[in-house]
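J.: The sequence and its predicted three-dimensional model are supplied below.
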Amino acid sequence: MNLFSEIRALVTSTLQAMTTAGELPAGLPLDAVTVEPPRDPAHGDMATNAAMVLAKPAGLKPRDIAETLAARLRADPRLAAAEVAGPGFLNMRLAPALWQDLVRTILEAGKDYGRSRMGAGRRVNVEFVSANPTGPMHVGHTRGAVVGDALSSLLDFAGFSVTREYYINDGGAQVDVLARSAFERYREAHGLSPEIAEGLYPGEYLVEVGAALKAEYGDRFLDQPEAVWLAPIREFATDRMMAMIRADLAALGVTMDVYASEKALYGTGRIEAAIDRLRAQGLIYDGVLEPPKGKTPEDWEPREQTLFRSTAHGDDVDRPIMKSDGSWTYFAPDIAYHFDKIERGFDLLIDIFGADHGGYVKRMKAAVAALSEGRVPLDIRLIQLVKLYKNGQPFKMSKRAGTFVTLRDVVEEVGPDVTRFVMLTRKSDVALDFDFARVLEQSRDNPVWYVQYAHARVHSVLRKASEAGIDVSDVALQGADLTALDHPAELALIARLAAWPRLVETAAAAHEPHRVAGYLSELAAEFHALWNRGNEESALRFVQEGDFATSQAKIALARATSVVISGGLAILGVVPVEEMR
């Protein structure tokens, strides 16, 4: 049940009645009419812009429309008040019974409260992480993994059909570097001194790969030229790295639906098919690009190349897809990969990129727009850096990877739940400070602890009430007389619960899962405020001594709060706790 949708439906049906009565002209567009929380909660529970957006097409003053609309709305029993403010805004207060019934609705819906049909089953591909298979994932990948996974869960909850996908970059030069690095560890496993030249991967994680290579191949490759061992060691090492990456993702609670290989695009005609699709649109040509200003990109050559006319779809410059020597640029297989997604029938593509790929956004959007002829949108979310601290000081941990802090380091230090929640406390395109001491402290300044504490407090109430002989089963609470929930602090908490379905839809539409974490923090604060007031005002305590009926009503509110917290944490991939340690 979405109260905001229900009241919007009331507003639009009332506007239609005004049209029938001749109070408004026929044919007015109602799509822009919204019902939202007012900027100042003191003004009411909900506000509508109806009079403001309809005034011009209706040829009437906004305040005149608002006053007529308000008079009609006051007749509906769901509203306690409808008041015109300023030039024509309309603020509404809901009847207490509507708030009280919402508690019952939440308990009846359980984990599905707030679930939306907004997505209408549309197929969405969310590609995220896609780290090079050359070593363990670092803390930056951790944030991208959490954002991508939480966004996927959010979209699923909002009614989309979601596929989580990882693109294995196993077709470029970096996997050859991996093979050469693994070969040195293979030599080391045979008692020889490894020659970790500049440009090779120095991480100790490859020692295990070297030992595994020895167990698999013995000394077969020791005295052989690179042309003999490069391909088999490359495949062996890549498989080992992907197994490690899968294990790292599992430690974070992330499971992919699809692993797509870049290497599988080469020699299969799939790159050529994608380029031919662009060529048929007149978007492929041979030319020489102007020299770039500032830093020279790796795909620029001062000679004729095969180019994609990406400027036809909003890019700043055209982009090379083939070098002068006839080899593909790194952009060409990415075009083919996204063409493959389009061919698989997705209605929306979302890519989660590191901030260092910001210059790649326009060209990729141009390619998808051209390949799908504008049918399939591509949204690219950039993930900014994570800065690690401990007690406010830069924090350095054991770097098994050789050059960076790994995902596994972070998860082992604070656990997957804390890691995931903290990674979602800021918008993904804003840098995030991750303080290992702060995220584990037990205080309201720690949003993870504060939200979990609210959930645990609810369960402490349930245990106490049960011990007092009160039936606190969901079935019993659904049947409770909820009219006792009439205090402003209780109604404020219910109003916050009512915002959850709307939050799901707005966060899903914006592709911003961090909004869920923000909402849970606000909901927890509202619940703790009610709890603390109960310490001073006995009438607000959840368990009322000797009054089982009133206790059930108040406990129903607490239980409804835990239902919403649990549902929100599930989207974030965090397990709610019932008891704090």
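T.: Noted; the coordinates are in hand.

J.: check contacts around residue 383.
T.: Listed by C-beta atoms under 8 Å, 6 or more residues apart in numbering, the contact partners of residue 383 are 140, 143-144, 147, 352-355, 428-429. The C-beta positions use only the backbone N, C-alpha and C, and glycine is treated the same way.

J.: Against residue 514, how distant is the closest residue to it other than its chain neighbours?
T.: Once flanking residues are discounted, residue 383 sits nearest to residue 144: 4.5 Å by C-beta to C-beta, 6 or more residues apart in numbering. Per C-beta to C-beta, to the nearest Å, residue 144 is found 13 Å from residue 514.

J.: returning to what we had before: which element follows the one helix or strand the residue nearest to residue 383 maps to toward the C-terminus?
T.: Element membership for residue 144, per DSSP states H and E: helix 139-157. Per DSSP H and E, the first helix or strand lying C-terminal to helix 139-157 is strand 161-168.

J.: mind listing what that following strand pairs with, with the direction of each?
T.: When pairing is defined by DSSP bridges, strand 161-168 lines up against strand 123-127 (parallel), strand 258-261 (parallel).

J.: coming back round to it: the helix holding residue 144: which residues count as buried?
T.: Residues 139-157 are the ones in helix 139-157 that count as buried (16 or more other C-beta atoms under 10 Å).

J.: Same check on stretch 379-399?
T.: The neighbour-count check on stretch 379-399 (16+ other C-beta under 10 Å) flags 379-384, 386, 388, 395 as buried.

J.: Over that stretch, what's the mean pLDDT, rounded is fine.
T.: For stretch 379-399, mean pLDDT rounds to 84.

J.: try stretch 352-363
T.: 94.

J.: Other residues contacting that stretch?
T.: Applying C-beta under 8 Å, 6+ apart, the contact partners of stretch 352-363 are 126-129, 140, 144, 147-148, 151, 297, 308, 310, 314-316, 319, 331, 380-385, 428-429.

J.: Mind checking which of those land in helices?
T.: 140, 144, 147-148, 151, 331 (DSSP state H).

J.: which among the residues you listed gets closest to residue 99?
T.: For the ones in helices among the contacts of stretch 352-363, the minimum distance to residue 99 (C-beta to C-beta) is 31.0 Å, reached by residue 151.

J.: these two touch, right, the closest one and residue 511?
T.: Yes - between residue 151 and residue 511 there is a contact under C-beta atoms under 8 Å: 6.0 Å.

J.: overlap in contacts of these two?
T.: 350, 381.

J.: Output the helix or strand residue 526 falls within as PDB, nothing but the C-alphas.
T.: Using DSSP H and E, residue 526 sits in helix 514-536. What follows is helix 514-536, C-alpha atoms only, in PDB (Å, rounded to 0.1, in the frame of the first residue of the first chain):
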ATOM      1  CA  HIS A 514      22.100   4.900  -1.200                       C
ATOM      2  CA  ARG A 515      18.700   6.500  -0.700                       C
ATOM      3  CA  VAL A 516      17.600   3.300   1.000                       C
ATOM      4  CA  ALA A 517      20.400   3.500   3.600                       C
ATOM      5  CA  GLY A 518      19.500   7.200   4.200                       C
ATOM      6  CA  TYR A 519      15.900   6.300   4.700                       C
ATOM      7  CA  LEU A 520      16.700   3.500   7.200                       C
ATOM      8  CA  SER A 521      18.800   5.900   9.200                       C
ATOM      9  CA  GLU A 522      15.900   8.400   9.400                       C
ATOM     10  CA  LEU A 523      13.500   5.600  10.300                       C
ATOM     11  CA  ALA A 524      15.800   4.400  13.000                       C
ATOM     12  CA  ALA A 525      16.100   7.900  14.400                       C
ATOM     13  CA  GLU A 526      12.300   8.300  14.500                       C
ATOM     14  CA  PHE A 527      12.000   5.000  16.300                       C
ATOM     15  CA  HIS A 528      14.700   5.800  18.800                       C
ATOM     16  CA  ALA A 529      13.100   9.200  19.500                       C
ATOM     17  CA  LEU A 530       9.800   7.400  20.300                       C
ATOM     18  CA  TRP A 531      11.600   4.900  22.500                       C
ATOM     19  CA  ASN A 532      13.400   7.700  24.400                       C
ATOM     20  CA  ARG A 533      10.200   9.700  24.900                       C
ATOM     21  CA  GLY A 534       8.800   6.500  26.500                       C
ATOM     22  CA  ASN A 535      11.500   6.700  29.100                       C
ATOM     23  CA  GLU A 536      10.000  10.000  30.200                       C
END
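
J.: Could I get the average pLDDT for it?
T.: The model assigns helix 514-536 a mean pLDDT of 97.

J.: State the distance from residue 369 to residue 362.
T.: From residue 369 to residue 362 the distance is 10 Å (C-beta to C-beta).

J.: Which neighbours do those two have in common?
T.: What both residue 369 and residue 362 touch, as defined by C-beta under 8 Å, 6+ apart, is the set residue 314.

J.: quick one, the helix or strand harbouring residue 570 and helix 514-536 angle?
T.: According to DSSP H and E, residue 570 maps onto helix 548-572. Angle, helix 548-572 to helix 514-536, by axes from the mean of the first three to the mean of the last three C-alpha atoms, to 10 degrees: 160 degrees.

J.: for the stretch 201-350 of the chain, which spans come out with low pLDDT?
T.: Low-confidence segments of the stretch 201-350 of the chain, defined by pLDDT under 70: 294-300.

J.: Recalculate using a threshold of 90.
T.: Scanning the stretch 201-350 of the chain for pLDDT under 90 picks out 202-204, 288-304, 323-325.

J.: Contact partners for residue 138?
T.: Shown in contact with residue 138 (C-beta under 8 Å, 6+ apart): 401, 404-407.

J.: Which pLDDT value goes with the closest residue to residue 484 other than its chain neighbours?
T.: Nearest non-adjacent residue to residue 484, counting by C-beta to C-beta, 6+ apart: residue 553, 4.2 Å away. Looking at residue 553, its pLDDT is 97.

J.: And the buried residues of stretch 379-399, which is closest to residue 273?
T.: Nearest to residue 273 out of those is residue 380 (C-beta to C-beta; 23.3 Å).

J.: what's the spacing between the closest one and residue 363?
T.: As for residue 380, its distance to residue 363 is 11 Å (criterion: C-beta to C-beta).

J.: the residue most distant from the middle of the protein, which is it?
T.: Distance from the centre of the chain peaks at residue 223, with 50.0 Å (C-alpha atoms, centre = their mean).

J.: Tell me if that residue really is in a helix.
T.: No - applying DSSP: H, G, I helix; E, B strand; the rest coil, one finds residue 223 to be coil, outside a helix.

J.: gap between it and residue 390?
T.: Taking C-beta to C-beta, one finds residue 223 at 48 Å from residue 390.

J.: same deal with residue 48?
T.: The gap separating residue 48 from residue 390 is 49 Å, by C-beta to C-beta.

J.: Kind regards, and thank you for your time.
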